[in-house]
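Chemist: Please find the sequence and the predicted model below.
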Amino acid sequence: MGQYVGAIDQGTTSSRFIVFDREGRIIACRQREHAQIYPRPGHVEHDPLEIWTNTQAVMREALESANLGPKDLLSIGITNQRETTLIWDRHTGEPLHNALVWQDTRNDRLVAEYQREGGRDRFRALTGLPLASYFSGLKLRWLLDHVEGARERAEAGDVLFGTIDTWLVWNLTGGPDGGLHITDVTNASRTQLMGLESLAWDDSMLDAFRIPQAMLPEIVSSAQVYGETKAPFAGVPIAGILGDQQAALFGQTCFNPGEAKNTYGTGCFALMNTGETPVPSTCGLVTTVAYKLDGAPAVYALEGSIAITGALVQWLRDNLGLIRDSAEVEQLAGTVEDNGGVYFVPAFSGLYAPHWCESARGLIIGLTRYANKGHIARACLEATAFQTREVLEAMETDSGIPVRELRSDGGMVANTALMQFQADILDVAVVRPQVTETTALGAAYAAGLATGYWRGQDDLVRNWGVDRRWEPAMDPAHRDRIYAAWGRAVKRSFDWDQPED
């Protein structure tokens with residue numbers, strides 16, 4: 001019997017493989033970045049074959065680094081960037097097009113067309129989601145409409161659709177030679193093609209979006225034994241799949257209604273557990289599946305998705321050259337006492353929750369001759385915290401449950417200045433756990449529960465511990481003043497890039 005559980009964490013910018021022990025501690029980890037492809041403004045793509053190659057490499061490298069082999073793993077879980085969409089040939093495994101990343105907005109005309117016919121929320125009651133360029137269904141529709149021969153081949157059963165979890169499982173279990181074509185309920189709930197309560201592909205949505213049923217994967221639970229790996233090493237059960245944000249919620253052990261987490265990554269994603277009943281949102285959030293353990297009812301969540309947070313720091317580094325390394329942003333922001341009246345709205349792909357404005361575009365406002373690069377860096381960090389407050393306020397309104405503390409994870413939680421400002425602007429405590437790789441940990445937990453490595457969720461709760469806690473310390477009048485200024489800046493970003501008719 002294996003001593004450890006592994007997790008593939010396939011994210012927006014990189015792929016990782018992490019090995020965990022029974023206490024949730026990291027035994028081995030390896031990571032590789034993949035290319036971000038920008039063919040045109042608003043278009044964001046990944047090469048699926050590069051992601052598959054990198055995934056195999058990090059699995060092999062992580063095990064070798066700890067002198068481990070496949071026999072040392074009881075099971076593997078997978079977590080993934082969720083809405084990123086790809087199609088490939090069932091017989092060869094060749095992608096028909098690069099994957100359309102969740103940030104990609106090339107389907108905005110389709111979104112506008114469907115909104116004109118029935119409004120942004122016409123499918124919300126059924127799917128939990130508003131019409132937006134973000135979700136997979138209309139990305140898939142765009143591929144079927146624009147990739148030569150794709151629709152005809154899909155209708156004939158020769159082309160498969162999947163999000164990245166589906167692509168990896170299919171390849172890991174044999175690819176063209178009997179690979180499993182599956183996705184779990186959390187990823188399926190992000191396609192806008194699944195009924196939120198039925199947990200099945202909905203015929204009315206497939207008809208509305210013109211999606212052939214034959215290309216869709218089977219929907220499965222988040223924790224069950226699906227099959228065994230054939231590559232890059234054979235015989236390890238794959239037993240957990242969770243979309244990355246649901247995996248972080250699970251890794252943070254937010255198992256009770258009202259418990260919330262925020263993941264600070266490329267974007268920011270706040271989720272609140274709402275229990276076994278989906279809670280409809282009237283405040284610009286999405287209702288989504290949080291997780292479903294094998295044989296148990298589905299658990300739901302309210303989610304606020306923010307497109308650009310950590311990616312904004314990368315933009316300062318790569319596009320403006322203000323910093324050489326992402327970690328330098330905290331030092332640069334610390335050269336000034338405040339933002340100097342500068343606000344940065346990073347609507348590079350429109351605005352997601354709670355505004356859902358595809359035609360918003362990024363802006364820096366409040367510039368004077370006094371402003372310098374330190375103020376811009378500070379405004380960059382503060383934008384993350386301001387957007388998070390907008391989302392948590394919406395959660396409290398929709399759920400009727402006040403957020404007492406915010407569990408935080410992701411790469412940006414190492415930035416202590418950001419975490420303190422987050423506590424200040426929220427006026428609630430922000431908590432960083434001892435293991436911050438909660439996305440991968442959640443996938444490992446799901447796989448480990450399915451294979452008996454952990455006996456139940458109580459074992460996971462006992463593993464969770466606090467590394468650091470930030471308490472709010474900002475003057476209330478100042479908090480209100482700067483948050484109101486942020487709100488004015490956001491409104492000025494609206495409708496800058498209206499889709500053409």
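Modeler: Done, it's in.
Chemist: hey, where'd the strands end up in the stretch 1-150 of the chain?
Modeler: 4-10, 14-20, 26-33, 45-46, 73-80, 86-89, 99-100 (DSSP state E, counting those that start in this stretch).
Chemist: got it, and the stretch 251-400 of the chain?
Modeler: For the stretch 251-400 of the chain, the strands defined by DSSP E, counting those that start in this stretch cover 260-264, 268-275, 286-291, 299-306, 343-345, 363-365.
Chemist: Give the other helices and strands that the second one contacts.
Modeler: Using 3 or more Cβ pairs under 8 Å, 6 or more residues apart in numbering; DSSP states H and E as the contact test, the elements touching strand 268-275 are helix 244-251, strand 260-264, strand 286-291, strand 299-306, helix 373-399. Just so you know, the C-beta spots here come from the backbone N, C-alpha and C atoms, and that holds for glycine as well.
Chemist: one more time with 6 Å
Modeler: helix 244-251, strand 260-264, strand 299-306, helix 373-399 (3 or more Cβ pairs under 6 Å, 6 or more residues apart in numbering; DSSP states H and E).
Chemist: for the last one, same thing?
Modeler: Contacting strand 363-365 under the criterion 3+ Cβ pairs under 6 Å, 6+ apart are the following elements: strand 343-345.
Chemist: For the strand it packs on, enumerate its sheet partners and note whether each is parallel or antiparallel.
Modeler: Strand 343-345 sits in its sheet next to strand 363-365 (antiparallel), going by DSSP bridges.
Chemist: How far does the partner strand sit from its chain's centre?
Modeler: Counting by Cα atoms, centre = their mean, to the nearest Å, strand 363-365 is centred 26 Å from the centre of its parent chain.
Chemist: and what of stretch 77-88?
Modeler: With Cα atoms, centre = their mean, you get 10 Å for stretch 77-88.
Chemist: Sketch out the low-pLDDT regions of the stretch 1-150 of the chain for me.
Modeler: 1 (pLDDT under 70).
Chemist: Apart from its chain neighbours, what residue comes closest to Gly235?
Modeler: Glu228 (5.5 Å; Cβ to Cβ, 6 or more residues apart in numbering).
Chemist: and that neighbour, how many neighbours does it have?
Modeler: 18 (other Cβ atoms under 10 Å).
Chemist: beta partners of it?
Modeler: Pro237.
Chemist: I'd like the distance between it and Pro472.
Modeler: Remark: distance between Glu228 and Pro472 (Cβ to Cβ, to the nearest Å) = 49 Å.
Chemist: next one: His97
Modeler: 47 Å.
Chemist: residues near Tyr300, how many?
Modeler: Tyr300 has 25 neighbouring residues, counting by other Cβ under 10 Å.
Chemist: Check Ala57 too.
Modeler: 15.
Chemist: sorry, back to before: how about a markdown table for the strands of the stretch 1-150 of the chain, with mean neighbour count and distance to Arg210 added?
Modeler: Shown next, in a markdown table, are the strands of the stretch 1-150 of the chain (neighbours: other Cβ atoms under 10 Å; distance: least, Cβ to Cβ, whole Å):
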| stretch | mean neighbour count | distance to Arg210 |
| --- | --- | --- |
| strand 4-10 | 29 | 28 |
| strand 14-20 | 24 | 32 |
| strand 26-33 | 17 | 35 |
| strand 45-46 | 22 | 22 |
| strand 73-80 | 28 | 25 |
| strand 86-89 | 22 | 14 |
| strand 99-100 | 26 | 17 |
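Chemist: Now render the ones you listed as TSV, adding distance to Arg324.
Modeler: Output for those, formatted as TSV (distance: least, Cβ to Cβ, whole Å):
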stretch	distance to Arg324
strand 4-10	26
strand 14-20	19
strand 26-33	17
strand 45-46	25
strand 73-80	30
strand 86-89	33
strand 99-100	29
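Chemist: what does the model give the residue nearest to Gly235 for pLDDT?
Modeler: Looking at Glu228, its pLDDT is 96.
Chemist: Distance of it relative to Gly174?
Modeler: Counting by Cβ to Cβ - Glu228 and Gly174 are separated by 10 Å.
Chemist: quick one, which of the helices and strands packed on strand 268-275 is packed in tightest?
Modeler: Scoring the helices and strands packed on strand 268-275 by mean neighbour count under mean count of other Cβ atoms under 10 Å gives helix 244-251 as the most buried, with a mean of 32.
Chemist: Give me the contact list for that helix.
Modeler: By Cβ atoms under 6 Å, 6 or more residues apart in numbering, the residues outside helix 244-251 that reach it are 79, 186, 261, 263, 269, 271, 290-291, 409, 438-439, 441-443, 445.
Chemist: biggest separation within these, which pair?
Modeler: Comparing every pair within those by Cβ to Cβ identifies Phe269 and Tyr445 as the most remote, at 18.0 Å.
Chemist: if I look at the residue lying farthest from the centre of the chain, how far off is Gly321?
Modeler: Residue farthest from the centre of the chain, counting by Cα atoms, centre = their mean, is Arg369 at 38.1 Å. Here the criterion is Cβ to Cβ. By it, Arg369 lies 21 Å from Gly321.
Chemist: quick revisit: with respect to Phe209, which of the contacts of helix 244-251 is nearest?
Modeler: Thr186 (20.0 Å).
Chemist: Now do the SS call for the closest one.
Modeler: helix (DSSP: H, G, I helix; E, B strand; the rest coil).
Chemist: Check the gap between it and Tyr300 for me.
Modeler: Separation of Thr186 from Tyr300 (Cβ to Cβ) stands at 10 Å.
Chemist: just to revisit the earlier point, just tell me which of the strands of the stretch 1-150 of the chain ends up closest to Arg462.
Modeler: Arg462 sits nearest to strand 14-20 of all these, at 14.5 Å, using Cβ to Cβ.
Chemist: What helices and strands are in contact with that closest one?
Modeler: strand 4-10, strand 26-33, helix 48-65.
Chemist: Pipe these into JSON lines and attach distance to Trp486 per row.
Modeler: As requested, the helices and strands packed on strand 14-20 are arranged in JSON lines below (distance: least, Cβ to Cβ, whole Å):
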{"stretch": "strand 4-10", "distance to Trp486": "32"}
{"stretch": "strand 26-33", "distance to Trp486": "32"}
{"stretch": "helix 48-65", "distance to Trp486": "36"}
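Chemist: And these: which comes nearest Ser305?
Modeler: strand 4-10 (17.9 Å).
Chemist: follow-up on the earlier one: determine which of the strands of the stretch 1-150 of the chain approaches Pro130 most closely.
Modeler: Closest approach to Pro130 among the strands of the stretch 1-150 of the chain is made by strand 99-100 (18.6 Å; Cβ to Cβ).
Chemist: can you list contacts of that closest one?
Modeler: 46, 48, 84-86, 139.
Chemist: which among those residues gets closest to Ala327?
Modeler: His46 (24.5 Å).
Chemist: Pairing partners for the closest one in the sheet, please.
Modeler: Counting by DSSP bridges, His46 is bridged to Ala99.
Chemist: do you know how far it is from Glu152?
Modeler: Per Cβ to Cβ, His46 is found 25 Å from Glu152.
Chemist: host element of Thr439?
Modeler: helix 438-450 (DSSP states H and E).
Chemist: who does that helix touch, helix- and strand-wise?
Modeler: Secondary-structure packing of helix 438-450 (3+ Cβ pairs under 6 Å, 6+ apart): strand 4-10, strand 73-80, strand 223-228, strand 237-243, helix 244-251.
Chemist: could you dump those to JSON lines with distance to Val169?
Modeler: Below are the helices and strands packed on helix 438-450 laid out as JSON lines (distance: least, Cβ to Cβ, whole Å):
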{"stretch": "strand 4-10", "distance to Val169": "10"}
{"stretch": "strand 73-80", "distance to Val169": "7"}
{"stretch": "strand 223-228", "distance to Val169": "7"}
{"stretch": "strand 237-243", "distance to Val169": "6"}
{"stretch": "helix 244-251", "distance to Val169": "15"}
